[in-house]
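In: Sequence and predicted structure, then a few things I'm wondering about:
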Amino acid sequence: MRTLLTTMFCLALSLPARSQSVDINLDALAAKAKDKAEITLEGPLLAQVLQQAPEKVKGAAASVSRVVVRHYEFENTGQYSDSDLDAIRKQLSTWSRVLNVKEEHENTEIYMLSQDGKPGGFLLISAEPKELTVVHLVGSIDLTSLHAVVNSTIHYDLKSAGGQ
């Protein structure tokens, strides 16, 4: 899970600011969760975080305006339902769903916003019976920079875990 959250955070840092922000209000789900991680970075706080980032991340995130990550873990299955995410999905009427993977107990959706023929936003919903993750990125995705950021982050995670 740590690698997934790190990768999603790095995705967030690869976006220039230009897209439509989505209201991610999951307070009712957060109240039910046994564990949660909630990250909202924008403005001076985001700039401060980026100052500490590796050069590859700084380059990819030069004009990021907002990063939102919500991750919840629940004690039991059934503590949230797919309909709890309807308020978010309703805001995506002008977005394209580019990925929809449904497996027996998991669902992953990725939405992209196109502005002036370029990607302008990213939203990921990853749902498992006892876990829910939503990542919203404001801006367009630079796939070349994204690839370098994700590879460097995965390499860093393996080193910190004792791998090579």
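Out: Nice, thanks for sending it over. Note that this is a predicted model, so its numbers are computed, not measured.
In: what residue ranges in the chain score low on pLDDT?
Out: Judged against pLDDT under 70, the low-scoring parts of the chain cover residues 1-20, 58-64, 119, 139-164.
In: Which stretches in it count as strands?
Out: Counting by DSSP state E, the chain has these strands, from start to end: 35-42, 66-73, 96-102, 107-115, 118-128, 131-138.
In: Just the angle for the third one relative to strand 107-115, thanks.
Out: Going back to what we said before, that points to strand 96-102. Regarding strand 96-102 and strand 107-115, their directions subtend 170 degrees when assessed with axes from the mean of the first three to the mean of the last three CA atoms, to 10 degrees.
In: Sheet-wise, list the partners of strand 96-102 with their directions.
Out: Partner strands and pairing direction for strand 96-102 (DSSP bridges) are strand 107-115 (antiparallel).
In: just the CA coordinates of the partner strand, formatted as CSV?
Out: Once side chains and other backbone atoms are set aside, the C-alpha atoms of strand 107-115 remain, and they are given as CSV (Å, rounded to 0.1, in the frame of the first residue of the first chain):
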residue,chain,number,x,y,z
ASN,A,107,-12.9,-1.6,-8.7
THR,A,108,-10.5,1.0,-10.2
GLU,A,109,-11.6,4.0,-12.2
ILE,A,110,-9.4,6.7,-13.8
TYR,A,111,-10.9,9.9,-15.2
MET,A,112,-9.2,12.5,-17.3
LEU,A,113,-10.2,16.1,-18.1
SER,A,114,-9.2,17.5,-21.5
GLN,A,115,-8.7,21.2,-21.9
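In: Can you mark which positions in that strand are buried?
Out: For strand 107-115, a neighbour-count test (16 or more other CB atoms under 10 Å) marks E109, I110, Y111, M112, L113 as buried. C-beta coordinates here come from the backbone N, C-alpha and C atoms, glycine included.
In: Look up the residues forming beta bridges with the last one.
Out: Read it as L113. Counting by DSSP bridges, the residues bridging with L113 are G121.
In: Roughly how far does T77 sit from I125?
Out: According to CB to CB, to the nearest Å, T77 and I125 sit 17 Å apart.
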